[in-house]
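> Sharing a model prediction with you, sequence too.
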Amino acid sequence: MRASQADRERWLAIVIAAALDNDIMTPDDILTYVTPEILAAHLPPDVMSNILAASLKAGMMTAEVILKTTGPDVLTRYVPPNVLWASVLSAARRAEIPT
C-alpha cells in the first residue's frame, strides 16, 4: 500500500515537530535550507502575507516568527519535501542520530 501525498506530508510534519519539540532541530536549522527564495517560490500569497504581518508585529522577521506562523504542517504542504528532509538529516547528524 502506497501512502498518499497527504499522508507523507503529515508524517514529515510530525517528524519536524518532534525534532523541534525535542531540541534536535531549531527553526534556524529549517530556514538554513528553506531559504527566502524557496519560501517566495512555494508559499501561497496568503501564507506569505501572514508571515509578513507576524514579522511586522514582532518587529523583525526571524526563523522563529516564520515557524510559529506557518508551523511544520504548512511547510510540508508547500515546500519541496527534499528541502525539508535535508534540514532533518542535517539536524539528525549533528545530534549523532544514525541516518
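Good, I have the coordinates. Numbering: from 1, shown residues only.
> Please count neighbours and contacts with C-alpha atoms only from this point.
Will do.
> and residue 58, what is it in contact with?
residue 65 (C-alpha atoms under 8 Å, 6 or more residues apart in numbering).
> repeat that with 10 Å
For residue 58, the contacting residues are 52, 65, by C-alpha atoms under 10 Å, 6 or more residues apart in numbering.
> Residue 24 too?
16, 17, 18, 88, 90, 91, 92, 93, 94, 95, 96, 97 are the contacts of residue 24 under C-alpha under 10 Å, 6+ apart.
> ditto for residue 86
Per C-alpha under 10 Å, 6+ apart, neighbours of residue 86: 29, 30, 32, 33, 34, 92.
> of all those, which comes closest to residue 2?
Using C-alpha to C-alpha, residue 92 comes nearest to residue 2 of the contacts of residue 86, at 25.7 Å.
> just checking, that closest one touches residue 98?
Yes. Between residue 92 and residue 98 there is a contact under C-alpha atoms under 10 Å: 7.3 Å.
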